[in-house]
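Enquirer: Sequence first, predicted model second:
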Amino acid sequence: MASLAPAPTSGYRGRLAPSPTGYLHVGHARTFWTAWLRAREAGGTLIMRMEDLDPDRSKAIYAEAALDDLRWLGIRWLEGPDKGGPFAPYVQSKRYSIYLAAWRKLLRNGWLYPCRCSRKDLESALGAPHESSQPGGQVNDKIEPLDDEPIYPGTCRQNLWRAPQLPGPTASDIETPDGINWRFHVRDGEVVEFYDQNLGPQRYVAGEDFGDFVVWRRDGVPSYQLACAVDDATMGITEVVRGADLLKSTARQILIHRALGYTPPAWYHCKLVVDHNGRRLAKRHDSLSLRSMRQRGLTPMNILAAELPVEG
């Protein structure tokens, strides 16, 4: 197993990005192990970023457990909340000013509009889609991505600022997003294509595979899509390794990268660890949390190499 993070010999930059909303499970372990291996094989740098935007579910105990469990697995990183680094802070809840600057740029360039639809329409926009309550998974190698938002019907699209002569406040008059939900306006029919280093060519069509998506909520918190894209760009991430349930989120984030003038990273989506019904694991599978398995005496090699039974 790993002991020390090797000194980088290339410009590769990968990342680990746990959400501290529960204990990590075997699926997380295998994905994060893949991220560590790819960074090591590339002679690059691996960073740790804690994605703790959800104020209701993120807990310090889970953040500490994630760091501890990943160290126990043998995974090491060179930058992170416990180590510092040139792109600090490495905790999303402390990066508000960075997200705010990105929001302002998107707004003033005509990509955003205020949305007054119900909270029910927006309730899942905060967290990563793989943290939602939807069942998604994969069966017989068929990936069934989680869609964190239904396709938006465009109810509030008329609020999009298109020209300075429109009556009322202009985009330049608005300094903060607080108090309003903000959506990213997808250009219907725009094709988002990317090559996944593990799963091959991917293709999504804006307006068909996903609609206008939330980038900021009225309670003052940026969405997963915005924060993730901005962090990957500003931290210099060259390859994102994560679960296949986030393929559609990758398409959304590529649109954000384009709108902000960023160069998107490369992508590597891991097949999901699923239960006997073909459903992805979730943090509610307490018996397969790393913490629980450690307490039962399993070793890192047991977790990373063995086919573990999943309790229904």
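Expert: Structure received.
Enquirer: C-alpha only now, for contacts and for neighbours.
Expert: Fine.
Enquirer: Please report phi then psi for V191.
Expert: V191 has phi and psi values of phi -90, psi 130 when expressed as degrees, to the nearest 10.
Enquirer: How about the secondary structure of the residue lying closest to it once chain neighbours are set aside?
Expert: Sequence neighbours aside, V205 is the residue nearest to V191 in space, at 4.6 Å (criterion: CA to CA, 6 or more residues apart in numbering). Recorded secondary structure, V205: strand (DSSP: H, G, I helix; E, B strand; the rest coil).
Enquirer: Tell me which residues are up against the longest helix belonging to the chain.
Expert: Longest helix in the chain by number of residues (criterion: DSSP state H): helix 26-41. Contacts with helix 26-41, where a contact means CA atoms under 8 Å, 6 or more residues apart in numbering, come from 6, 12-16, 45-46, 70, 73, 75-76, 241-243, 270, 272-273, 281, 288-290, 303-304.
Enquirer: redo that, cut-off 6 Å
Expert: With CA atoms under 6 Å, 6 or more residues apart in numbering as the test, helix 26-41 has contacts from 241, 273.
Enquirer: buried stuff in that helix?
Expert: Within helix 26-41, the residues that qualify as buried by neighbour count (16 or more other CA atoms under 10 Å) are 26-36, 38-40.
Enquirer: What of stretch 254-262?
Expert: The neighbour-count check on stretch 254-262 (16+ other CA under 10 Å) flags 254-257, 259-260, 262 as buried.
Enquirer: quick one: the strands in the stretch 51-200 of the chain?
Expert: Secondary structure of the stretch 51-200 of the chain (DSSP state E, counting those that start in this stretch): strands at 112-115, 137-139, 142-144, 181-184, 191-196, 200-205.
Enquirer: Now pLDDT and distance to T250 too, for the buried residues of helix 26-41, in a markdown table please.
Expert: Below are the buried residues of helix 26-41 laid out as a markdown table (pLDDT from 0 to 100; distance: CA to CA, whole Å):
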| residue | pLDDT | distance to T250 |
| --- | --- | --- |
| V26 | 88 | 23 |
| G27 | 88 | 19 |
| H28 | 92 | 18 |
| A29 | 92 | 21 |
| R30 | 91 | 20 |
| T31 | 94 | 16 |
| F32 | 96 | 18 |
| W33 | 96 | 20 |
| T34 | 96 | 18 |
| A35 | 98 | 16 |
| W36 | 97 | 20 |
| R38 | 97 | 19 |
| A39 | 98 | 20 |
| R40 | 96 | 23 |
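Enquirer: Which residues are in contact with the nearest residue to G14 once chain neighbours are set aside?
Expert: Distances taken as CA to CA, 6+ apart put L46 closest to G14, at 4.8 Å, once the chain neighbours are dropped. Going by CA under 6 Å, 6+ apart, L46 touches 13-15, 77-78.
Enquirer: wait, is L46 part of a strand?
Expert: Yes - assessed by three-state DSSP, L46 belongs to a strand.
Enquirer: Roughly how far does it sit from I151?
Expert: 35 Å (CA to CA, to the nearest Å).
Enquirer: quick one, what contacts T234?
Expert: No residues are in contact with T234 under the rule CA under 6 Å, 6+ apart.
Enquirer: and with 8 Å instead?
Expert: With contacts defined as CA under 8 Å, 6+ apart, T234 is in contact with F87.
Enquirer: Equivalent analysis for the one 4 residues further on, please.
Expert: Counting by CA under 8 Å, 6+ apart, T238 touches 12-14, 264-266.
Enquirer: Can you tell me the closest non-neighbouring residue to E175?
Expert: Distances taken as CA to CA, 6+ apart place R104 nearest to E175, at 7.2 Å, with adjacent residues excluded.
Enquirer: doesn't V215 make contact with that neighbour?
Expert: No - R104 lies out of contact with V215 (CA atoms under 8 Å); the separation is 11.5 Å.
Enquirer: Neighbour count: these two, which is higher?
Expert: Each of R104 and V215 has its neighbours counted (other CA atoms under 10 Å); V215 has more, 25 against 17.
Enquirer: that's a helix at that one, yeah?
Expert: No - using three-state DSSP, the secondary structure at V215 is strand, not a helix.
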